[in-house]
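Visitor: sequence unknown, structure follows:
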């Protein structure tokens, strides 16, 4: 179907054609007594047709402007200041001197006033509902648009802006069933007269579109807020608010990938006796203690540190470079001292012991999962040996690639007789005689040279190489004893 403008243009052309034919006929019939009335009637028809065409064209133009304004408001939906953009666009569309956008506030008696004056000036502030002009309250109460000439004293929310205001258009913005706002146009630019009556219908139409946009914005904000909340809950421990194991691991991996921010070491804090604390004081009080522990560790953390909760009563502290191993030991001791200070629960002062396992970051390509596993292994070693601080050692790490390679090489060394046994005599100070001796195993590696015993013996102790190595040393020592007897 043809557009309104096309139909209007066609009607105008048809009217002009009829008028031309009529004029020609009047000239031809001028000797008739009614001939002089024909031009007048044709002129009147032409005038009426032209006015109808101009009215429809103006209406079509306004509808197109309204459509453009609706589009711009929709575009502003993803912007930083949606309300300000709406107020500016409405002011531009209608050519208003001032536009007030009144929206529901944080409480029933508070409203938000967004005002656009000129091209750029947008102000926003809270307003008590009863302080709004009477016209504004009438619109909010009746939920119907108003076209009214209003004395400026009634609009004196801000006399410096509204000085001389006299013509107002206001339409409701139905945001919700129980929460509504309004759009008010105060004066036309350059004071060109009162608002035409047909502008109110356009404003009401645009106000409905504004309401849809604002409801969509609220929905988007609600969805985004829920997404942010879900993301936070997925990344953080709900009890302490600290990063959980998975998120802490990702943060460590990101730091390892950054040459400028690589961590120096990872400390795992184990709270000893926490299970007994739960059984004695209950879960709620134990949770309070755990929150207090998290707060103390967070307070002790320096710039760039990471503090997270791994699970149960294990927490982790990641120390950034350039701290060395000595500094990591100092930090571990300082944290233990902090945690030794009593915790107050229900007027009870409770002491809580802790163990810390630490691992320094080395150039061996270890990722966050590996570093945390090593630090937890160091904690296990500290618990088993009644130590406050346990340090990671490759020899105790059953999952270490270096250790696994060393086990293979040690097995090969036994087969190829690379191990040797040295003997250390025991001298009796009373008799000044040798009363015994010790057999000490040593490993001369073909490429690495002498391997220290504190490096390969713990490996043997935690693998199936210990038994054949023990038998080898016994064979060598007994053979040497027999040789000594024969000499």
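Guide: Structure received. Remember, predicted model here, so these are calculated numbers, not experimental data.

Visitor: any chance you could map the helices in the stretch 101-250 of the chain?
Guide: Secondary structure of the stretch 101-250 of the chain (DSSP state H, counting those that start in this stretch): helices at 134-142, 159-162, 198-235, 245-256.

Visitor: so which of those helices comes closest to residue 333?
Guide: The closest approach between residue 333 and any of these, judged by Cβ to Cβ, belongs to helix 245-256 at 22.5 Å. (Each C-beta comes from the backbone N, C-alpha and C, glycine too.)

Visitor: now the helices of the stretch 101-250 of the chain as CSV including mean neighbour count and distance to residue 478?
Guide: As requested, these are arranged in CSV below (neighbours: other Cβ atoms under 10 Å; distance: least, Cβ to Cβ, whole Å):
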stretch, mean neighbour count, distance to residue 478
helix 134-142, 17, 105
helix 159-162, 15, 107
helix 198-235, 15, 62
helix 245-256, 17, 51
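
Visitor: Next, count neighbours for residue 415.
Guide: In terms of burial, residue 415 registers 9 neighbours under the definition other Cβ atoms under 10 Å.

Visitor: where do the helices sit along the stretch 301-450 of the chain?
Guide: Counting by DSSP H, counting those that start in this stretch, the stretch 301-450 of the chain has helices at residues 325-340, 368-384, 401-415.

Visitor: top strand in the chain by residue count?
Guide: Scanning the chain for the strand with the most residues, using DSSP state E, yields strand 433-445.

Visitor: can you list contacts of it?
Guide: With Cβ atoms under 8 Å, 6 or more residues apart in numbering as the contact definition, strand 433-445 has outside contacts at 409-410, 413, 418-428, 450-451, 453, 456-457, 469, 472-473, 476-477, 480.

Visitor: are any of the residues you listed buried, and which?
Guide: Neighbour-count burial (16 or more other Cβ atoms under 10 Å) applied to those gives 409-410, 413, 418-419, 421, 451, 456-457, 469, 472-473, 476-477.

Visitor: Out of the residues you listed, the closest to residue 174 would be?
Guide: Using Cβ to Cβ, residue 409 is the member of the buried ones among the contacts of strand 433-445 that lies nearest residue 174, at 80.3 Å.

Visitor: how close does the closest residue to that closest one other than its chain neighbours get to residue 282?
Guide: For residue 409, the nearest residue in space outside its immediate sequence neighbours is residue 445; the separation is 7.4 Å by Cβ to Cβ, 6 or more residues apart in numbering. Relative to residue 282, residue 445 is positioned 57 Å away (Cβ to Cβ, to the nearest Å).

Visitor: hang on, the earlier thing: for the helices of the stretch 301-450 of the chain, which one ends up most surrounded?
Guide: Counting by mean count of other Cβ atoms under 10 Å, helix 368-384 has the highest mean neighbour count of the helices of the stretch 301-450 of the chain, with a mean of 20.

Visitor: Now that helix: average pLDDT?
Guide: Helix 368-384 carries an average pLDDT of 89.

Visitor: and that helix with helix 325-340, angle?
Guide: Interaxial angle of helix 368-384 relative to helix 325-340 (axes from the mean of the first three to the mean of the last three Cα atoms, to 10 degrees): 60 degrees.

Visitor: Helix 368-384 - contacts with which helices or strands?
Guide: In this structure, helix 368-384 makes packing contacts with helix 245-256, strand 263-271, strand 314-320, strand 354-360, strand 389-391, judged by 3 or more Cβ pairs under 8 Å, 6 or more residues apart in numbering; DSSP states H and E.

Visitor: will you turn the ones you listed into a markdown table that also has distance to residue 225 and mean pLDDT?
Guide: Putting the helices and strands packed on helix 368-384 into a markdown table (distance: least, Cβ to Cβ, whole Å; pLDDT from 0 to 100) gives the following:
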| stretch | distance to residue 225 | mean pLDDT |
| --- | --- | --- |
| helix 245-256 | 20 | 94 |
| strand 263-271 | 33 | 93 |
| strand 314-320 | 29 | 94 |
| strand 354-360 | 38 | 93 |
| strand 389-391 | 43 | 93 |
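
Visitor: Tabulate those (TSV), appending distance to residue 109.
Guide: Converted to TSV, the helices and strands packed on helix 368-384 look like this (distance: least, Cβ to Cβ, whole Å):
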stretch	distance to residue 109
helix 245-256	42
strand 263-271	50
strand 314-320	47
strand 354-360	53
strand 389-391	60
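
Visitor: who wins for proximity to residue 176 among the ones you listed?
Guide: Distances from residue 176 to each of the helices and strands packed on helix 368-384 were compared using Cβ to Cβ; the shortest belongs to helix 245-256, at 36.9 Å.

Visitor: how many degrees apart are the closest one and strand 263-271 in direction?
Guide: Angular relation of helix 245-256 and strand 263-271 on a 0 to 180 degree scale: 160 degrees, by the same axes, to 10 degrees.

Visitor: so residue 168 touches residue 139, yeah?
Guide: No: in this structure residue 168 lies outside contact range of residue 139 using Cβ atoms under 8 Å: 9.7 Å.

Visitor: so what's in contact with those two at the same time?
Guide: Between them, residue 168 and residue 139 have 146, 184 as joint contacts when contacts are counted by Cβ under 8 Å, 6+ apart.

Visitor: ok, back up a step: narrow the buried ones among the contacts of strand 433-445 to those in strands?
Guide: Assigned to strands by DSSP E, the following of the buried ones among the contacts of strand 433-445 qualify: 419, 421, 451.

Visitor: nearest residue to the last one other than its sequence neighbours?
Guide: Leaving aside its sequence neighbours, residue 451 sits nearest to residue 443 (Cβ to Cβ, 6+ apart; 4.4 Å).

Visitor: what about stretch 227-238, average pLDDT?
Guide: In this model, stretch 227-238 has a mean pLDDT of 93.

Visitor: For residue 199, give me its contacts.
Guide: So residue 199 contacts 94, 147, 169, 185 (Cβ under 8 Å, 6+ apart).

Visitor: Quick check: the two most widely separated of those?
Guide: Farthest apart among these by Cβ to Cβ are 94 and 147. That separation is 12.3 Å.

Visitor: and those two? which has more neighbours close in?
Guide: Per other Cβ under 10 Å, whichever of residue 94 and residue 147 has more neighbours is residue 94, with 23 against 19.

Visitor: gap between the more buried one and residue 470?
Guide: Counting by Cβ to Cβ, the separation of residue 94 from residue 470 is 97 Å.

Visitor: what's the burial count for residue 116?
Guide: Neighbour count of residue 116, defined by other Cβ under 10 Å: 25.

Visitor: do the same with residue 455
Guide: The burial metric for residue 455, expressed as a neighbour count using other Cβ under 10 Å, is 16.

Visitor: what's the answer for residue 240, then?
Guide: A count of nearby residues for residue 240, using other Cβ under 10 Å, gives 21.

Visitor: same deal with the one 3 residues further on?
Guide: Summarising burial for residue 243: neighbours were counted as other Cβ under 10 Å, giving 22.

Visitor: want to throw the ones in strands among the buried ones among the contacts of strand 433-445 into JSON lines with distance to residue 298 and pLDDT?
Guide: Rendered in JSON lines, the data for these read as follows (distance: Cβ to Cβ, whole Å; pLDDT from 0 to 100):
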{"residue": "419", "distance to residue 298": "51", "pLDDT": "91"}
{"residue": "421", "distance to residue 298": "54", "pLDDT": "92"}
{"residue": "451", "distance to residue 298": "43", "pLDDT": "86"}
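
Visitor: Out of the residues you listed, flag the one nearest to residue 369.
Guide: Once Cβ to Cβ is applied, the member of those that ends up nearest residue 369 is residue 451, at 29.0 Å.

Visitor: Against residue 296, how distant is that closest one?
Guide: Summarising the geometry, the distance separating residue 451 from residue 296, computed by Cβ to Cβ, is 43 Å.
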